[in-house]
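**Q** Fold the following, please.
(4 chains)
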Protein chains: 2
Amino acid sequence: MDVSVDCALFGFDGESLKLLLIRQRTESSGELTEAALQMALPGNLVKEDESLDAAAKRVLSELTQLDDVFLKQFHAFGHPDRVSDLKDQQWLRTFREEPQNRVMTVAYYGLVSLHDHTPSPASFAGDVHWSDVRDLPNLAFDHDDIASLALATLRTELESKHISFELLPEKFTLRQLQSLHEVVLDKKLDKRNFRKNIKKLNHVVPLNEKEEGVLHKPAQLFTYDSSLTQP
Amino acid sequence: MDVSVDCALFGFDGESLKLLLIRQRTESSGELTEAALQMALPGNLVKEDESLDAAAKRVLSELTQLDDVFLKQFHAFGHPDRVSDLKDQQWLRTFREEPQNRVMTVAYYGLVSLHDHTPSPASFAGDVHWSDVRDLPNLAFDHDDIASLALATLRTELESKHISFELLPEKFTLRQLQSLHEVVLDKKLDKRNFRKNIKKLNHVVPLNEKEEGVLHKPAQLFTYDSSLTQP
DNA sequence: GCAAAAGTGTTTCCGATACACCCATGA
DNA sequence: TCATGGGTGTATCGGAAACACTTTTGC
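**A** The predicted structure follows:
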């Protein structure tokens, strides 16, 4: 059985939560086949001497040129027929040596900030783009399931684990942090209560710096100190 | 790459939490090799046309004769060298066709009640026994990691998901339910507060029956109605 | 009648929620 | 001076925690 990794890479730009998708392109033919219009999560086979985590990191790095992305395994998907749909096979044939092999995949979710830079990566597989999670297209294989479980997992873990910061720039304002939570949890939060809660976390440390280039009172900047992640 | 499933099957007998282990036995030789003393979690390769969940179910059923065991996938383990340790190889050679192959495994935890019946299964692999989780031996492969993550996962999910009942007999007393929580969470709970909380859950329904054969006031029996799992 | 666990309410405390105004800045 | 988001405190509510005695049964 072949083993792959797939990555649901989330990005936050201050406005909305995005998911990185690749547009499959059947390189061999000029005409647009049905498969050519499919979108999918980035993923690929695990190499023979590579751990799962390393494979996920590599796949994402090959695709986005990003190297220090937060990545976390969340589920393995192994239905025997998960890659045997006709249009999925059509696409796999364009680059995989044994496209008909059964493939189980270990799914990861990843987090990246789209504030400073917008990774607009090139891929061997075709175009790449950030899609708003509230408006995702149908995806190839079982990637609909993978994406929706990834989002559910992110919702659960955003509060309990301390991962918000992976979606923000190194220096961020409390407003940015709050918007992120509002977007991911899909509900409005109270500003004062939110800030009270943040002040309890001593790994969110205020800087002696303020926002610049805004047309209102500039906000204090904060950063995340990973060495203080206990309380 | 080969793909296996491993099961961390927990059992509760009213006293303590147990984990099902198999004792590896190298069938071919009479003398006790080092491998002969190793213990491991039950597991085996996934068949070519079998889903991961089905494989976990099958492996456990082959080993314990139990068929409706609660099983949940919790993590995939894929270090390239996870089965290449010398004594692990020694054991794999006794029954696997290509023992040197890399194997990644998808780990499941399972829950079973040891109240009414104690599954004392036979295995192709050797003896089987229930080991107290507070006193686990060293295990083969990376099964120490798997077991400890399984236990951590069980601790987290016992409260949030409604899975306590999988470890209890069909009819149980509130004292049994509380002991279970105390053992898994490893802390003492207040009886009155605990019972208040349970009474909020309308999927724990009282029966018109009492405990029998105890040398004290018999307790009311309860059961679990899975159709009412919402509240 | 005694040992052993079942069963039951109230008070206290703390964390979560709701809520509105003044401030600093750039245009 | 105005528009824009930044920043702050208090009162209320509800769930969690602490806590001890009476009851029922088997022996």
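**Q** Up against chain B, what does chain A have?
**A** Selection of chain A residues close to chain B by C-beta under 8 Å from any C-beta of the partner chain yields A:1-3, A:46, A:48-52, A:73, A:75-80, A:102, A:104, A:106. Using the backbone N, CA and C atoms, a C-beta is placed for each residue, glycine as well.
**Q** Could you list which of these belong to helices?
**A** A:Leu52 (DSSP state H).
**Q** neighbouring contacts of stretch A:154-170?
**A** Around stretch A:154-170, the neighbours that count as contacts under C-beta atoms under 8 Å, 6 or more residues apart in numbering or on different chains are A:10-12, A:70, A:72, A:109, A:111-113, A:115-116, A:172, A:176-177, A:180-181, A:184-185, A:201, A:203, A:223-224, A:229.
**Q** Now do that stretch: distance to the chain's middle.
**A** In terms of C-alpha atoms, centre = their mean, to the nearest Å, the centre of stretch A:154-170 is found 12 Å from the chain centre.
**Q** Also stretch A:213-222?
**A** Its chain's C-alpha centre and that of stretch A:213-222 lie 28 Å apart, by C-alpha atoms, centre = their mean.
**Q** Dump it to CSV, restricted to CA.
**A** Output of stretch A:213-222 as CSV, limited to C-alpha atoms (Å, rounded to 0.1, in the frame of the first residue of the first chain):
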residue,chain,number,x,y,z
GLY,A,213,0.6,53.4,9.1
VAL,A,214,-3.0,53.2,10.4
LEU,A,215,-5.4,56.1,10.2
HIS,A,216,-6.5,55.9,13.8
LYS,A,217,-4.9,55.5,17.2
PRO,A,218,-2.1,53.0,16.8
ALA,A,219,-2.4,49.9,18.9
GLN,A,220,0.2,48.3,21.1
LEU,A,221,2.0,45.4,19.6
PHE,A,222,2.4,42.1,21.3
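**Q** Quickly note the distance from the closest residue to DNA strand C within chain A to A:Val69.
**A** Of the residues in chain A, the one nearest DNA strand C is A:Lys217, at a distance of 3.1 Å by C-beta to the nearest atom of the strand. Taken as C-beta to C-beta, to the nearest Å, the spacing of A:Lys217 relative to A:Val69 amounts to 33 Å.
**Q** Can you confirm whether the helix ranked longest in chain A lies near DNA strand C?
**A** What stands out as the longest helix in chain A, according to DSSP H, is helix A:143-160. No. Applying C-beta under 7 Å from any atom of the strand, one finds helix A:143-160 out of contact with DNA strand C, separated by at least 10.3 Å.
**Q** The helix or strand following that helix - what's its average pLDDT?
**A** Counting by DSSP states H and E, the element after helix A:143-160 in chain order, helix or strand, is helix A:174-185. This predicted structure assigns helix A:174-185 an average pLDDT of 96.
**Q** Buried residues, helix A:174-185. List them.
**A** The neighbour-count criterion (16 or more other C-beta atoms under 10 Å in any protein chain shown) identifies A:174, A:176-181, A:183-184 as the buried residues of helix A:174-185.
**Q** returning to that earlier point: what's the angle from the longest helix of chain A to helix B:143-160?
**A** Between helix A:143-160 and helix B:143-160, the angle comes out at 80 degrees (axes from the mean of the first three to the mean of the last three C-alpha atoms, to 10 degrees).
**Q** now the angle between helix A:174-185 and helix A:143-160, please.
**A** 140 degrees.
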